[in-house]
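Asks: The following comprises the amino acid sequence and a computationally predicted model.
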Amino acid sequence: MQNEQKPIEWLGSSKQDLRDFPIVARQRAGYQLALIQDGEEPADWKPMDSVGAGAREIRIKCRDGAFRVFYVVNRPEAIYVLHAFRKKTEKTEKRDIDLAKARYKLLGTC
């Protein structure tokens, strides 16, 4: 018997932002999110404590560039996608972290 996948809740414009990724990046992000829904770890991720407790970042690299998906997985009811964007500099831009933080705050406390 297969376990039910954990649902994904998209905050703000994160779903449309991910849909705007180039096709290869979008497919890779979708696959990584499906792994998370099944209770597995994505291939390349790191914690994003600067966003909030339990926040993580999926890292995607392809010919079209580097892409990131910030999400929260430590909630029992769903996986929350906070932000999806193309990374343009070596360090994640403050505006991307601030946007993810603001959306994280919408979740309330654990």
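Replies: Everything's here; your move. Residues are numbered from 1 along each chain as shown.

Asks: Report the buried residues of stretch 6-14.
Replies: For stretch 6-14, burial by neighbour count (16 or more other Cβ atoms under 10 Å) applies to Lys6, Ile8, Glu9, Trp10, Leu11, Gly12, Ser14. C-beta: built from backbone N, CA, C; applies to glycine.

Asks: Those in strands, which ones?
Replies: The members of these that map onto strands under DSSP state E are Ile8, Glu9, Trp10.

Asks: Find the pair from the buried residues of stretch 6-14 with maximum spatial separation.
Replies: Using Cβ to Cβ, those span at most 19.8 Å, a distance reached by Lys6 and Gly12.

Asks: In terms of helices and strands, where is the closest residue to Trp10 other than its chain neighbours?
Replies: Using Cβ to Cβ, 6 or more residues apart in numbering and skipping the chain neighbours, the partner closest in space to Trp10 is Val81 (5.1 Å). Using DSSP states H and E, Val81 sits within strand 79-87.

Asks: Check which helices and strands that strand is in contact with.
Replies: Secondary structure elements in contact with strand 79-87, counted by 3 or more Cβ pairs under 8 Å, 6 or more residues apart in numbering; DSSP states H and E, are strand 8-10, helix 14-19, helix 23-37, strand 65-72, helix 94-105.

Asks: for stretch 68-77, which positions count as buried?
Replies: Buried-residue list, stretch 68-77, by 16+ other Cβ under 10 Å: Arg68, Val69, Phe70, Tyr71, Val72, Val73.
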